[in-house]
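**Q** Here you go, sequence then predicted model.
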Amino acid sequence: MENRTKIALIPAYMPDEALVEISMELKEREFSVIVIDDGSGADFDDIFERASKYAKVIRLKVNKGKGFALKKGFRFIRASFAPPYTLVTVDADGQHKIADVINVYNYAAKYPEDVVIGCRRLERDDPIKSRIGNNITNFLYKVTTGSKLSDTQTGLRAFSDGSVDIAIKSKGNRYEYEINSLLDFSRIRKIREIPIETVYINNNRASHFKPIKDSAVIYSQFFTNKFSKNKNKE
């Protein structure tokens, strides 16, 4: 395997101590860590200041959404790192085990032309909104693309420098961005899955995801995508 730069990108909105711990652990494992503060505000200055000991922290003045923060990070990485490199996106709340982050990264570095996602196995005792939402998006993804993924809502994803431009061009600034990027990747790249541990902290109460509003926007992306593909065939 060629010598590739290891990069971890963490979008963060109103994070807690977990962000500092994640940044430190990834730095210790020789990742270049990039944290994008998605307009968390002055109350979180201390968290980001301590994270900056281990990561490059880029702070947005106002909240723009997870998709915007991710694309901000991708643009920074494209401008700041010379290929070859592989990057992995990591949630800021501690739901991704460091061992899983490393496994997803290593798999993506082994297959630099592909995209790798870490897939949770959602069980009956997991939060119901997570199970239902993921099942719906998995089904819509299969209907739209003809391919099957077991966890379309995972935030633990990895790909190499050749795929960064695709990620930057994907539409959406909030949670809908993640499904749009998967749909875009599915047309050009092979998407590989590896299992990761399912971790919910305080029953996922720290999540800023709004089940009704955000889910409606996400589901609409499938119909927009399907309509666009059918229109292009005419």
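**A** Arrived safely, thanks for sending.
**Q** can we go C-alpha only for contacts and neighbour counts from here?
**A** OK.
**Q** what's next to stretch 64-74, contact-wise?
**A** For stretch 64-74, contacts defined as Cα atoms under 8 Å, 6 or more residues apart in numbering pick out 9-12, 34-39, 164, 167-168, 172-178.
**Q** In helices, which of the residues you listed appear?
**A** Judged by DSSP state H, the contacts of stretch 64-74 include 164, 167-168, 176-178 as members of helices.
**Q** What is the most widely separated pair among the residues you listed?
**A** Using Cα to Cα, the pair of these lying farthest apart is Val164 and Glu176, separated by 17.9 Å.
**Q** Who has more neighbours out of the two?
**A** Neighbour totals were compared for Val164 and Glu176, and Glu176 leads with 24 against 17 (other Cα atoms under 10 Å).
**Q** gap between Leu19 and Lys72?
**A** 18 Å (Cα to Cα, to the nearest Å).
**Q** who's more crowded, these two?
**A** Using other Cα under 10 Å, the more surrounded residue of Leu19 and Lys72 is Leu19, with 23 against 17.
**Q** Mind listing what's buried along the helix or strand the more buried one falls within?
**A** Counting by DSSP states H and E, the element that carries Leu19 is helix 18-28. By neighbour count on 16 or more other Cα atoms under 10 Å, the buried set for helix 18-28 is 18-24, 26-27.
**Q** Ok, stretch 151-169 next?
**A** So for stretch 151-169, counting by 16+ other Cα under 10 Å, buried means 151-161, 163-164, 167-168.
**Q** same check, this time on stretch 59-69
**A** Residues of stretch 59-69 classed as buried: 59, 63, 65-69 (neighbour count, 16+ other Cα under 10 Å).
**Q** The residues you listed: which two are farthest apart?
**A** With Cα to Cα as the measure, no two of the buried residues of stretch 59-69 lie farther apart than Arg59 and Gly67, at 14.8 Å.
**Q** mind listing the strands for the chain?
**A** Using DSSP state E, the strands of the chain run over 5-12, 32-37, 56-59, 85-89, 115-120, 157-160, 191-196.
**Q** For Asp46, see how far away the residue nearest the centre of the chain is.
**A** For the chain, the residue whose C-alpha lies nearest the mean C-alpha position (Cα atoms, centre = their mean) is Gly155; its distance is 3.4 Å. Separation of Gly155 from Asp46 (Cα to Cα) stands at 25 Å.
**Q** Likewise for Glu21?
**A** 14 Å.
**Q** Check the ones in helices among the contacts of stretch 64-74 for the minimum pLDDT and say which it is.
**A** On pLDDT alone, Glu176 ranks lowest of the ones in helices among the contacts of stretch 64-74, at 88.
**Q** re earlier: could you dump the buried residues of helix 18-28 into CSV and include pLDDT and distance to Tyr85?
**A** Shown next, in CSV, are the buried residues of helix 18-28 (pLDDT from 0 to 100; distance: Cα to Cα, whole Å):
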residue, pLDDT, distance to Tyr85
Ala18, 95, 26
Leu19, 97, 23
Val20, 98, 24
Glu21, 97, 23
Ile22, 97, 20
Ser23, 98, 19
Met24, 98, 20
Leu26, 98, 16
Lys27, 98, 16
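**Q** rewinding a little: is it possible to get JSON lines of the buried residues of stretch 59-69 that adds distance to Glu2?
**A** Shown next, in JSON lines, are the buried residues of stretch 59-69 (distance: Cα to Cα, whole Å):
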{"residue": "Arg59", "distance to Glu2": "33"}
{"residue": "Asn63", "distance to Glu2": "38"}
{"residue": "Gly65", "distance to Glu2": "35"}
{"residue": "Lys66", "distance to Glu2": "31"}
{"residue": "Gly67", "distance to Glu2": "30"}
{"residue": "Phe68", "distance to Glu2": "31"}
{"residue": "Ala69", "distance to Glu2": "29"}
